[in-house]
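Visitor: sequence plus predicted model, see below.
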Amino acid sequence: MEKIRVLTVDDNVRVLELYEELLKSDGAIELVGRAEDGTEAVKKVKELQPDVVLLDIIMPKLDGIGVLEHIRKDTELKKQPKVIVVTAIGQERVTESVFALGASFYIMKPFEGSVVLQRIHQVAGNGNFCSADLPLRKKNEITSKNESNLEVDVTDIIHEIGVPAHIK
């Protein structure tokens, strides 16, 4: 079976490194490239033809919504990649916009690595994937081990009690 080809797009180098580590832990996924801004992302989608794109919204030069618009309008693409938006923006209008432009999933930062891997397998159509097969990872993966981040802790608590992410 062919590996799932993934392109990661985020202006935060730490997040890109986290994606790289996470994707390498799954033998069914191949990280084909990464981009640090929206215009670079559009070029890499054309060049690399990934199956899945992990896309941030807030980026320099061209935001994630602009990237989605460019990808969806591009008639030269052999195949449209599945897009999973991974962002800290929880506004309802933004969420509606990305889904209207064809995003498959919307994941809020900070995220659980197992959820990202599960969504990649889901959009790629891998019906044999089971999230129970994934190793447990620490909750605040987006922050370093020594860094204490109050906003991340509060967001985790809000998610645990079931309050929608856009209501802080």
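Guide: Received it, and whenever you're ready, just let me know what you need. Residues are numbered from 1 along each chain as shown.
Visitor: for the residue most central in space within the chain, list each beta-bridge partner.
Guide: Residue closest to the mean C-alpha point of the chain, counted by CA atoms, centre = their mean, is residue 54 at 3.2 Å. On the basis of DSSP bridges, residue 54 is bridged to residue 8, residue 84.
Visitor: count of neighbours near residue 125?
Guide: Residue 125 sits with 10 neighbouring residues when counted by other CB atoms under 10 Å. To be clear about C-beta, it is placed using only N, CA and C from the backbone, and glycine gets the same treatment.
Visitor: cool, and residue 76?
Guide: 5.
Visitor: give me the pLDDT for it.
Guide: You'll see residue 76 listed with a pLDDT of 84.
Visitor: wait, a helix at it?
Guide: No - judged by DSSP: H, G, I helix; E, B strand; the rest coil, residue 76 forms no part of a helix; its state is coil.
Visitor: give me the distance between it and residue 50.
Guide: 15 Å (CB to CB, to the nearest Å).
Visitor: just residue 96 next, same as before
Guide: For residue 96, the distance to residue 50 (CB to CB) stands at 25 Å.
Visitor: could you look up the SS state of residue 6?
Guide: strand.
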